[in-house]
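Undergrad: take a look and give me a structure for this.
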Amino acid sequence: MTLNGWFQIAFFLLAIFLVAPPLGAYMSRVFTRQRTWFDPVLRPIERLVYRATGVDEAHEMRWTEYAAALLLFSVVSMLVLYLMQRMQQLLPFNPQGFGPVAPDLAFNTAASFTTNTNWQAYSGESTMSYFTQMAGLAYHNFVSAAVGISVAIAFIRGLSQKEKDTIGNFWVDLVRCSLWVLLPICLAGSLLFVSQGAVQNLKAYDTVQTVDGAKQTIAQGPVASQEAIKQFGTNGGGFFNANSAHPFENPTPLSNFIEMFAIFAISAGLTYTLGDMTGSRRHGWAVWAAMAFLFLAGVTTAYWSEARGNPMLASAGADQTATETSPGGNMEGKEVRFGIANSALFATVTTDASCGAINGWHDSFTPLGGMVPLVNIMLGEVIFGGVGAGMYGILVFIVLSVFIAGLMVGRTPEYLGKKIQAYDVQMAMLVVLVFPLTILVLTGISVLSPTFGTSSIANPGPHGLAEILYAFTSGTGNNGSAFGGLNANTNWYNITIGFAMLIGRFFMIIPMLAIAGSLGRKKRVARSPGTFPVTTPLFSALLVSVIVIVGALTFFPVLSLGPILEHLLMYAGKTF
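TA: Numbering: from 1, shown residues only. Presented below is the predicted three-dimensional model:
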């Protein structure tokens, strides 16, 4: 570990701290229908969209209607993407002449991009046409991110309003999020990536001759525009198979920093939006502090483990000490231009959020270094988290934390003046239980099935278990990053991970909207001496404890058989 590495991590967290207030306040104005400086341009477009689609802007929805609209929109958009992939050979902007995508892979990809997972069991540059990339995948990058933010805002409305049976209008939230938040940010972001050297064109692939006479195909396309929403929307699906390790997607150290910053920016801003819309900005900062603490714990562990290197190489005489001319540590699977610190930081950031972008191969990390991204997803990706998904995920843990605090003092738990009752806790527990149940059941079946499951892994032993476990954790957690070493483009994995992604998205969103509707109908009660404060360091500590304990108790046994056992074997000098 180096001082420069720690400085880069500290600078990154400072940038996230500084962007939260202005971006959070702006989103608060957008979703409370206050005027912004984009209104003269975007307001006429918004009205035109409503007229064309028949949306009544003034209509407020109960949580059941909100959920039904969300599900209907998702089903239709998923079907359109599936058909687009199956018919891409008939559609324009296909200079490479790519044929139809296989049915199981098309289903997996449609489920993936609809759920903001962006798990890719294919190589983008050799599978998807430009039309599919732009009109299919990039479109879903926008709307799936907008759906997540809309759900978070609906939850916050439920907290902030008094005795109201509605939580907003899904169609209005979706349009305003797309027009006012994602589109302006991504237009600017695309230009930033182009300025750094990211490719943006519609040319056919070039074929060049190498110095030894071989022919090499240079893939290219509309990369920069997809890169912006891929990062700001915490989607993660790259134009290229190498994702953000590819120089056409992530050309420079500055673009690498912008990509990491983009992953956290909106999610960090939503903590300020939470405080602003509920009238308790100190609470928003308390939530931000809990997220920042968990982030620092994860990146410290990953950086330490990767910088320390592999003891088996040290015993063989390899010098893994960092010097002015050598990065030291475990450089396997990492880009030399990013090094240990930025690789560990990127892996932590992308799995704290539900973003599958990677700039290094997690499969090549040390056992503990690779366990950090896995644990980040297992904790529910609430460490800033995906756009919207991180906010409504942390709100569920807040409900549980406040409930536990109420039990400790023997009083009915309250959260921002709303009593937390049995129904709210039942819905929160449903969210908490669906996630590990899906991961562990599908992992267990795959591990016990040589025909479907273990035949796809590259490594036996605990590392092979980690490869399968990571795949289902990434899918169910709507992350989309791949551990590597697993051939997931099979009928078994395409179908099971596809369903895992759908369960991980919608079986969690629906209970969360139910909680939002329940809280919105309740009276606001006055604070009393027995009210647990949610604006203090004690609250942040309790929130962190609940998140860690729930994750540790649920997943510790399987982690013990995977990366923890692998770590012990590595120090015992055993390979597999």
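Undergrad: where does the residue nearest to residue 204 when sequence neighbours are not counted land in three-state SS?
TA: Take residue 204 and drop its neighbours on the chain: the residue closest to it by C-beta to C-beta, 6 or more residues apart in numbering is residue 95, 3.8 Å away. C-beta here means a position set from N, CA and C on the backbone, and glycine is covered the same way. Under DSSP: H, G, I helix; E, B strand; the rest coil, residue 95 falls in the coil class.
Undergrad: residues near residue 95, how many?
TA: Counted with other C-beta atoms under 10 Å, residues neighbouring residue 95 total 13.
Undergrad: isn't it right up against residue 206?
TA: No - the pair residue 95 / residue 206 is not scored as a contact, 11.1 Å apart, by C-beta atoms under 8 Å.
Undergrad: ok, back up a step: tell me the contacts of the residue nearest to residue 204?
TA: By C-beta atoms under 8 Å, 6 or more residues apart in numbering, the contact set of residue 95 is 130, 202-205.
Undergrad: and it, what are its phi and psi?
TA: Reported as degrees, to the nearest 10, the phi and psi values for residue 95 are phi -60, psi -20.
Undergrad: inside strands: which ones of the contacts of residue 95?
TA: Taking DSSP state E, every one of the contacts of residue 95 sits outside strands.
Undergrad: which ChimeraX command selects the buried ones in those residues?
TA: The ChimeraX command for the buried members of the contacts of residue 95 (criterion: 16 or more other C-beta atoms under 10 Å) is given here:
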select :130
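Undergrad: what's the closest of the contacts of residue 95 to residue 499?
TA: Nearest to residue 499, judged by C-beta to C-beta, of the contacts of residue 95 is residue 130 at 29.2 Å.
Undergrad: buried stuff in the helix or strand that contains residue 558?
TA: For residue 558, the element it lies in under DSSP states H and E is helix 537-559. For helix 537-559, a neighbour-count test (16+ other C-beta under 10 Å) marks 539-540, 542-544, 546-547, 550-551, 554-555, 558-559 as buried.
Undergrad: would you mark the buried spots in whichever strand or helix holds residue 462?
TA: Using DSSP H and E, residue 462 maps to helix 461-476. For helix 461-476, the buried set under the neighbour-count rule, 16+ other C-beta under 10 Å, comprises 461-476.
Undergrad: and the gap between residue 126 and residue 45?
TA: Residue 126 is 37 Å from residue 45, where distance means C-beta to C-beta, to the nearest Å.
Undergrad: how much space between the closest residue to residue 70 other than its chain neighbours and residue 27?
TA: Spatially, and ignoring its direct neighbours in sequence, residue 70 is nearest to residue 170 (5.5 Å; C-beta to C-beta, 6+ apart). From residue 170 across to residue 27, the span is 17 Å (C-beta to C-beta).
Undergrad: same question for residue 8.
TA: Distance, residue 8 to residue 27, using C-beta to C-beta: 27 Å.
Undergrad: what does residue 346 give?
TA: Applying C-beta to C-beta, the value for residue 346 to residue 27 is 25 Å.
Undergrad: tell me which of the two has more neighbours.
TA: Set residue 346 next to residue 27 and count neighbours by other C-beta under 10 Å: residue 346 wins out with 29 against 25.
Undergrad: looking at it, the more buried one is touching residue 362, isn't it?
TA: No - using C-beta under 8 Å, residue 346 is not in contact with residue 362; the gap is 10.2 Å.
Undergrad: what about residue 103, neighbour count?
TA: Number of residues near residue 103 (other C-beta under 10 Å) recorded here: 14.
Undergrad: how about it, what does it touch?
TA: Contacts of residue 103 by C-beta under 8 Å, 6+ apart are residue 86.
Undergrad: any idea of the pLDDT on it?
TA: On pLDDT, residue 103 comes in at 94.
Undergrad: residue 317 too?
TA: pLDDT for residue 317: 68.
Undergrad: swap in the one 10 residues further on?
TA: We have a pLDDT of 71 for residue 327.
Undergrad: numbering from 22 from now on, please.
TA: Sure, I'll start numbering at 22, so the last one becomes residue 348.
Undergrad: setting aside sequence neighbours, what's the nearest residue to it?
TA: residue 360 (4.8 Å).
Undergrad: SS state for the residue most central in space within the chain?
TA: The centroid of the chain falls nearest to residue 375 when counting by C-alpha atoms, centre = their mean (0.9 Å). Recorded secondary structure, residue 375: coil (three-state DSSP).
Undergrad: test my guess that it contacts residue 409.
TA: No - at 9.4 Å, residue 375 does not count as touching residue 409 under the criterion of C-beta under 8 Å.
Undergrad: give me the phi and psi for residue 221.
TA: Phi and psi for residue 221, reported as degrees, to the nearest 10, are phi -150, psi 90.
Undergrad: enumerate every residue touching it.
TA: By C-beta under 8 Å, 6+ apart, the contact set of residue 221 is 211, 214-215, 243-246.
Undergrad: next: residue 187.
TA: Residue 187 neighbours (C-beta under 8 Å, 6+ apart): 81-83, 541.
Undergrad: what subset of these is buried?
TA: For these, a burial check counting by 16+ other C-beta under 10 Å picks out 82-83, 541.
Undergrad: picking up where we left off before, so which of the contacts of residue 116 is the closest to residue 268?
TA: residue 226 (15.8 Å).
Undergrad: pop out the phi and psi values for the closest one.
TA: The phi and psi values for residue 226, taken as degrees, to the nearest 10, are phi -60, psi 140.
Undergrad: correct me, but it touches residue 239?
TA: Yes - counting by C-beta under 8 Å, residue 239 is a contact partner of residue 226 at 6.2 Å.
Undergrad: ranges for the strands of the protein?
TA: Taking DSSP E, the strands of the chain run over residues 227-230, 236-239, 435-436, 439-440.
Undergrad: need the contact partners of stretch 589-597.
TA: Stretch 589-597 is contacted by residues 331-333, 336, 387-388, 480-484 when judged by C-beta under 8 Å, 6+ apart.
Undergrad: please repeat the previous calculation with a cut-off of 10 Å.
TA: With contacts defined as C-beta atoms under 10 Å, 6 or more residues apart in numbering, stretch 589-597 is touched by 331-333, 336-337, 387-389, 480-485, 581, 587.
Undergrad: type out the ChimeraX command that picks the buried ones from those residues.
TA: To isolate the buried members of the contacts of stretch 589-597 in ChimeraX, using 16+ other C-beta under 10 Å:
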select :331,387,388,389,480,482,483,484,485,587
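Undergrad: what is the lowest-pLDDT residue among the contacts of stretch 589-597?
TA: Scoring the contacts of stretch 589-597 by pLDDT puts residue 337 last, at 70.
Undergrad: list the contacts for the closest residue in space to residue 150 that isn't next to it in sequence?
TA: Nearest non-adjacent residue to residue 150, counting by C-beta to C-beta, 6+ apart: residue 115, 3.7 Å away. With contact taken as C-beta under 10 Å, 6+ apart, residue 115 is in contact with 109, 149-153, 225.
Undergrad: out of these, flag the one nearest to residue 298.
TA: For the contacts of residue 115, the closest approach to residue 298 (C-beta to C-beta) belongs to residue 153, at 37.7 Å.
Undergrad: what's the burial count for that closest one?
TA: Based on other C-beta under 10 Å, the number of other residues close to residue 153 is 24.
Undergrad: residue 443 too?
TA: Neighbour count of residue 443, defined by other C-beta under 10 Å: 8.
Undergrad: likewise the one 4 residues further on?
TA: Neighbours of residue 447 under the rule other C-beta under 10 Å: 12.
Undergrad: that one against residue 532, yeah?
TA: Yes - counting by C-beta atoms under 10 Å, residue 447 does reach residue 532; the two are 8.6 Å apart.
Undergrad: list the contacts for the closest residue to residue 102 other than its chain neighbours?
TA: Counting by C-beta to C-beta, 6+ apart, residue 102 lies nearest to residue 131, which is 4.4 Å off, once chain neighbours are set aside. By C-beta under 10 Å, 6+ apart, the contact set of residue 131 is 98-107, 122, 157-158, 161, 519, 522.
Undergrad: thanks a lot, see you next time.
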